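# give me a 3D structure for the following:
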Amino acid sequence: MGNILRKEMRLSSLVIVYLFIAFGLMFFLPGYPILCGAFFLTLGLYQNFRYARECNDILFSALLPIAKQDVVKGKFVFSCLIEMLCFALMLVSTLVRMTVLSDSPVYRSNALMNANFFALAMALLLIGIFNLIFIGSFFKTGYKTGKPFVVYIAVCFVIIGIAEALHHFPGLEALNAFGFDCFVLQLFTLIAGAICFVGLTIISYRKSCYNFERIDL
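A predicted model of the protein is given here:
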C-alpha cells in the first residue's frame with residue numbers, strides 16, 4: 001500500500017491538488033460562505049482525477065502486479081489524505097476563531113455561517129458526499145468525470161444553501177454559536193458529521209471496488 005500511495009503522490013497527482021489544501025483557510029473569511037472551502041478542495045481533487053484519466057493512469061495502475069482493488073484503494077487513500085489535510089486547516093482556523101477571535105467585531109457582525117463545530121460537520125458531510133457521488137461514479141467506468149462532478153456540484157450547493165439558512169430559523173440559532181457557546185450541541189454535530197464522512201467514504205469505496213473489478217479497461 002505504501003508503494004501505491006507514493007505512486008499517487010509523485011506520479012499521478014497535479015501540484016494544484018496540494019495547493020488547493022490551502023482553501024481550508026477560507027474558514028477565516030467573514031461575510032463569505034465558508035463551506036465553499038470544502039467545494040474548492042473537491043474541485044482540486046476533480047482536476048486530479050481528470051489528469052489521471054488523460055495520462056491513462058488508471059490503465060497503467062491496472063497493469064501493475066497488484067489487484068484492481070488496490071488501484072481503487074490507492075485513489076481513495078490519496079484523496080482522503082488530501083481531504084484530511086485540508087480539514088486540519090479548517091479545524092485550526094475554527095479553533096482560532098472560537099478562542100482568540102471570538103469577540104472580533106468583524107465576526108460578530110457576520111450574517112453568514114460562523115466557523116464552529118457545526119460548520120466543520122457540514123464540511124465533512126460535503127467531502128463525504130464528494131467521495132460517494134464523484135469518486136464512486138468515476139470507478140463505474142474508470143474514465144467519466146464530467147457528469148458525476150456536475151451532479152456533485154448541484155448537491156453540494158443545495159447543502160451549502162441549507163446549512164447557511166438553518167441558523168435563521170427559530171430554535172436553530174445555536175447552530176451558529178460563537179466560541180464555545182452551546183458546546184455540547186456543537187460537539188454532537190461534529191461527531192455526526194465525522195460519522196457521515198466515514199460512512200459515505202466506506203460505502204463509496206466498497207461500491208467502487210465492486211464496480212471496478214467488473215469493467216474492461
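# now find how far off-centre stretch 56-64 is within its chain.
Between the mean C-alpha location of stretch 56-64 and the chain-wide mean there is a distance of 25 Å, by C-alpha atoms, centre = their mean, to the nearest Å.
# which parts of it are buried?
Applying a neighbour-count criterion of 16 or more other C-beta atoms under 10 Å, the buried positions in stretch 56-64 are Asp57, Ile58, Ser61, Ala62. Every C-beta, even on glycine, is put in place using the N, C-alpha and C of the backbone.
# what's the closest non-adjacent residue to the residue most central in space within the chain?
Here the mean C-alpha position of the chain is nearest to the C-alpha of Ile127 (C-alpha atoms, centre = their mean), at a distance of 2.5 Å. Leaving aside its sequence neighbours, Ile127 sits nearest to Glu83 (C-beta to C-beta, 6 or more residues apart in numbering; 5.0 Å).
# using the three-state scheme, assign that neighbour.
helix (DSSP: H, G, I helix; E, B strand; the rest coil).
# cool, Tyr143 as well?
Under three-state DSSP, Tyr143 falls in the coil class.
# ok, how many other residues are close to Tyr143?
17 (other C-beta atoms under 10 Å).
# should've said Val155
Burial of Val155, expressed as a neighbour count using other C-beta under 10 Å, amounts to 15.
# the residue of the chain most remote from its centre: which element?
Distance to the chain centre peaks in the chain at Pro65, reaching 30.5 Å (criterion: C-alpha atoms, centre = their mean). Assigned by DSSP states H and E, Pro65 belongs to no helix or strand.
# give me phi/psi at Val150?
phi -60, psi -40 (degrees, to the nearest 10).
# go on, His168?
Main-chain torsions, His168, degrees, to the nearest 10: phi -90, psi -10.
# which residues touch it?
Remark: with contacts taken as C-beta atoms under 8 Å, 6 or more residues apart in numbering, His168 is in contact with nothing.
# now with 10 Å, please.
Contacts here follow C-beta atoms under 10 Å, 6 or more residues apart in numbering; on that basis His168 touches Ala111, Leu175, Asn176.
# adding neighbour count, secondary structure and distance to Arg97, write these out as TSV.
Rendered in TSV, the data for those read as follows (neighbours: other C-beta atoms under 10 Å; DSSP: H, G, I helix; E, B strand; the rest coil; distance: C-beta to C-beta, whole Å):
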residue	neighbour count	secondary structure	distance to Arg97
Ala111	9	coil	16
Leu175	23	helix	15
Asn176	20	helix	12
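# wait, which of these is closest to Phe212?
Closest approach between the contacts of His168 and Phe212, by C-beta to C-beta: Leu175, at 38.5 Å.
# thinking that closest one is in contact with Asn116, fair?
Yes: using C-beta atoms under 10 Å, Leu175 makes contact with Asn116 at a distance of 8.1 Å.
# what is in contact with these two at once?
When contacts are counted by C-beta under 10 Å, 6+ apart, the set common to Leu175 and Asn116 consists of Cys182, Leu185, Gln186, Thr189.
# next one: phi and psi at the first one?
Note on Cys182: its backbone torsions stand at phi 50, psi 40 [degrees, to the nearest 10].
# just the closest of the contacts of His168 to Phe78, please.
In terms of C-beta to C-beta, no member of these lies closer to Phe78 than Leu175, at 32.6 Å.
# from Lys144, how far off is the closest one?
36 Å (C-beta to C-beta, to the nearest Å).
# show me the shaky parts of this protein.
Per-residue confidence for the chain (pLDDT under 70) gives these ranges: 1, 216-217.
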